[in-house]
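> Have a look at this fold, sequence not included:
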């Protein structure tokens, strides 16, 4: 914005100078015409004035040429400055674009790093969940195995108890049978003793009875 304002100001000053120079030239031409109209009778004085005017005109032309050259030089310098400014502006624009690209690349890299970190966190969480699930599964399996062992032990104990109960029942039956057999034995022995004693007593009584003599014929 400042450069454009300077350019416009320079253009205005150059236009003012041109208009001033044109007005001065017009005034001089008008003066020359007036001088020609009001020329004195003396020719020498007129020639000197003409020479002076020519010299002044030549000086003015030289000055105009110098001013024009200066203007051209100034324009060239301004154009060079504009080119330099444009080049510097283009360079700064390029630098800004490169910086923007770098920032965009850095942002992309940061976003990729964030995504990688999020993915790593998710993977870590998934691994933790997997490990926890495996532990739970192992715990369930161990609990099931322990329950199975307990059930087997309980079943073995129950079978052992049942066998012991069966043995106890069989031993009780045996004892009952033995008691019954002993009772029967005792009764049988008692009967046998009674019958035997009766027989023996009968024999003894027979033996004690007097023997009858046989009659001789």
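Great, that's in hand. From a predicted model like this one, the values you see are computed outputs, not experimental measurements.
> Could you list the low-pLDDT ranges of the protein?
Where the chain drops to pLDDT under 70, the residues are 1-7, 12, 22, 24-46, 211-217.
> ok, and the residue nearest the centre of it, which helix or strand is that part of?
In the chain, the C-alpha nearest the mean C-alpha coordinate belongs to residue 118, at 1.1 Å (CA atoms, centre = their mean). Residue 118 is located in helix 43-208, with elements delineated by DSSP states H and E.
> Now find how far off-centre that helix is within its chain.
The chain centre lies 12 Å from the centre of helix 43-208; the measure is CA atoms, centre = their mean, to the nearest Å.
> other SSEs contacting that helix?
Here helix 43-208 touches helix 2-37, going by 3 or more CB pairs under 8 Å, 6 or more residues apart in numbering; DSSP states H and E. Just so you know, the C-beta spots here come from the backbone N, C-alpha and C atoms, and that holds for glycine as well.
> returning to that earlier point: could you report the distance from the residue nearest to the centre of the chain to residue 101?
25 Å (CB to CB, to the nearest Å).
> Please apply the same query to residue 115.
Distance, residue 115 to residue 101, using CB to CB: 21 Å.
> now swap in residue 95 and tell me
10 Å.
> buried stuff in stretch 67-85?
For stretch 67-85, a neighbour-count test (16 or more other CB atoms under 10 Å) marks 71, 78 as buried.
> now do stretch 140-159
Neighbour counts over stretch 140-159 (16+ other CB under 10 Å) mark no residue as buried.
> Give me the contact list for it.
Taking contacts as CB atoms under 8 Å, 6 or more residues apart in numbering, no residue outside stretch 140-159 touches it.
> cool, stretch 164-181 as well?
Applying CB under 8 Å, 6+ apart, stretch 164-181 has no contact partners.
> Begin at 46, not 1, for the rest of this chat.
Yep, numbering from 46; the last one is stretch 209-226 now.
> how about it: buried residues?
Going by 16+ other CB under 10 Å, stretch 209-226 has no buried residues at all.
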